[in-house]
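J.: dropping a prediction and its sequence here:
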Amino acid sequence: MTVFSELRMRPAAAPAGWNATTTARLVISGAVIFMLLVGANLATPLYPLLQANLGLSSLEVTAAFASYVLALVGTLLLAGHWSDHIGRRAALLVAVLAGLAGGWIFAEAGTLVALCAGRALQGTAVALATGASAAALRELLPSRPEWASRFTLLASSGGVATGPVIGGLLSLLPGATTAPYVVHSLLLAALLVPLYLIRARPAIMVPAVSRPLHALAPRRPSVSRQARGAFWLASGVGFLSFAVFGFSLSLAPGYFAQVLGTDSRPLIGVLAGLPLGASALSQLVTLRGRLAVPAGLAVLGVSVMLLGAAGAWHSPMLLVAAAVTAGLGQGIAFRTVFNDVAARVEPARHAQIISTVYVITYLGSAAPVLGLGWASAVFGMAAAVQSFVLLCGVAALALSAATLTASLTREGSQR
């Protein structure tokens, strides 16, 4: 089956291509979403430099960041189910091509409009790969659904965490704002080779021959009754935690630079990526039980408020510790609720439902962060950040209390 026959939704008569092992398919599926998210977050430590070079305000910086999230959310809504019909391989290959185009436009941008256009293409690429990669990993590990969820979150959180670090290091090369994208584009383009050569598995929902494009029409988001409670909990936890991550990846680099009195882009990139890195590493830890979600959310809430305290006290050690524990708390809570909703969703709608979870989750990186950018312009960055982390911390603690109460109530009713 060729890529072109997949895109036409007309399976080839006989299978062709590289018959890769399950391990190789796992690596390729994870590598695509990882590399796309690395590319989408290379700019994190570059924002202060871009802000100075292009004369951007704090609100314009958050607008450039939010354009990525809004494009991602829009594409998830419109095309989150496409890989069910064109196949996982074809969706991932198109995503890589969109990611290459977005990175090139962003690297060459000289205006806010161009920055937003590049970021929007990167968001489109991540959206196309999100559902396809998660569904592919679950199909490759049918008897290990929990590990499929872990690999999904490890690849996505790891990519988001690694991007700022790599961006900061590569920005030391000549052409600080372009060098990271040149190196990344070469590595991302290399993924096109195995994606093109691999023998694709048939799409799980082949459309009618008479109306193949009808299957790609936008779908109204819907969730089956048995997955509804788990879906809304996962979405709520995702929205809150990605509001914190959105802050870390947009205005936090400038804020951290002020707190620490440094302009080192590699250091800023490491600090910005710490919560995401800790979240990724938490996927390797096994924690179960009814207290996993409430405890994770409580740790997230306290840690976020300590981030604000670290800024007020100019304490680098507290800043690092709070960033790490915030990521650990988020990772444990989100993995638990994500795995729960993934286990309740019927296989034929896995990509569509997981994409819908990410729609709400990624909105947490847009709406609150845009509000933070506006508040920074009006009240100053320090006051806006302090208010933002306090709000997020209180929300996390409230959600922790709600999930603990629900868990205790459910346990009491079962006795």
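T.: Perfect, I can see it now.
J.: quick check: closest non-adjacent residue to Ser171.
T.: Of all residues not flanking Ser171 in the chain, Arg265 sits nearest, at 4.8 Å (CB to CB, 6 or more residues apart in numbering). Every residue, glycine included, has its C-beta placed from N, CA and C.
J.: nope, Ala377 is what I meant
T.: In space, Ala377 comes closest to Leu59 once its chain neighbours are excluded; the distance is 4.8 Å by CB to CB, 6+ apart.
J.: and the strands in the chain?
T.: Counting by DSSP state E, one finds no strands in the chain.
J.: give the contact list for the residue nearest to Ala377.
T.: Applying CB atoms under 8 Å, 6 or more residues apart in numbering to Leu59 gives the contacts 370, 373-374, 376-377.
J.: for Gly380, see how far away it is.
T.: Going from Leu59 to Gly380 by CB to CB, to the nearest Å gives 13 Å.
J.: equivalent analysis for Leu128, please.
T.: 39 Å.
J.: who has more neighbours out of these two?
T.: The residue with more neighbours, out of Leu128 and Gly380, is Leu128; 30 against 12, by other CB atoms under 10 Å.
J.: okay, now the closest residue to that one other than its chain neighbours: neighbour count?
T.: Using CB to CB, 6+ apart and skipping the chain neighbours, the partner closest in space to Leu128 is Ala95 (3.9 Å). Look at Ala95: counted by other CB under 10 Å, it has 26 neighbours.
J.: hang on, isn't Ala95 packed against Leu36?
T.: Yes - counting by CB atoms under 8 Å, Leu36 is a contact partner of Ala95 at 6.3 Å.
J.: shared neighbours, the two?
T.: Contacts common to Ala95 and Leu36, judged by CB under 8 Å, 6+ apart, are 125-126, 129.
J.: redo the residues you listed as CSV? Include pLDDT, neighbour count and distance to Thr23.
T.: Output for the shared contacts of Ala95 and Leu36, formatted as CSV (pLDDT from 0 to 100; neighbours: other CB atoms under 10 Å; distance: CB to CB, whole Å):
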residue, pLDDT, neighbour count, distance to Thr23
Ala125, 95, 32, 25
Val126, 93, 30, 24
Ala129, 90, 30, 20
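J.: which of those sits closest to Phe334?
T.: Taking CB to CB as the measure, Phe334 sits nearest to Val126 out of the shared contacts of Ala95 and Leu36, at 17.1 Å.
J.: identify the residues contacting that closest one.
T.: Here Val126 is in contact with 33, 36-37, 40, 72, 95, 99 (CB under 8 Å, 6+ apart).
J.: so which of these sits lowest on pLDDT?
T.: Lowest in pLDDT among the contacts of Val126 is Leu72, which has 88.
J.: and for the closest residue to that residue other than its chain neighbours, the neighbour number?
T.: Ranked by CB to CB, 6+ apart and with sequence neighbours excluded, the top spatial neighbour of Leu72 is Gly123, at 3.6 Å. Neighbourhood size, Gly123 [other CB under 10 Å]: 28.
J.: tell me the pLDDT at Gly123?
T.: For Gly123, the predicted pLDDT is 92.
J.: tell me who's in contact with the spatially most central residue of the chain.
T.: In the chain, the centroid-proximal residue (CA atoms, centre = their mean) is Ser156; its distance is 5.6 Å. Going by CB under 8 Å, 6+ apart, Ser156 touches 33-34, 37, 130.
J.: Tyr255 against Ala384, yeah?
T.: No - applying CB under 8 Å, one finds Tyr255 not in contact with Ala384, separated by 9.2 Å.
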